[in-house]
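Participant: build me a model:
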Amino acid sequence: MIVELSKKQIRKLSKHAKSSSKKTTSSEDKPFNLESSKPIYSNKFGKFFEITPEKNPQLGNLNISLSSTHITEVKANNIY
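Facilitator: Alright, predicted model coming up:
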């Protein structure tokens, strides 16, 4: 499913966000880069990254999962 958020929805989510400049003692409160992790699926057509509340408790508080897809351009003559 692809969901597009409005500016109003982003502002509402931002109100609950913690500043990355504040020092925290828990590693689960720190920002993370979804694409720095190993992709769930990867082949010549692209990569699929995903993080769930089970892997990052911050997401459990928001009841969301995040995913990102990188699609690689493949020329028609390279497809068999």
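Participant: show me the shaky parts of this protein.
Facilitator: Scanning the chain for pLDDT under 70 picks out the ranges 1-2, 16-29, 77-80.
Participant: switch the cut-off to 90
Facilitator: By pLDDT under 90, the low-scoring segments of the chain are 1-38, 44-45, 51-68, 70-80.
Participant: show me where it has helices.
Facilitator: Taking DSSP state H as the test, the helices found in the chain are 7-15, 57-62.
Participant: touching the first one from outside, list them.
Facilitator: When contacts are defined by CB atoms under 8 Å, 6 or more residues apart in numbering, helix 7-15 is touched by residues Leu5, Leu62. Glycine gets a C-beta too; all of them are placed from N, C-alpha and C.
Participant: then stretch 34-50?
Facilitator: Ile51, Ser65, Leu66, Ser67, Ser68, Thr69, His70, Ile71, Thr72, Val74.
Participant: need the helices of the chain in TSV with mean neighbour count and distance to Ser42, can you?
Facilitator: Shown next, in TSV, are these (neighbours: other CB atoms under 10 Å; distance: least, CB to CB, whole Å):
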stretch	mean neighbour count	distance to Ser42
helix 7-15	9	29
helix 57-62	13	22
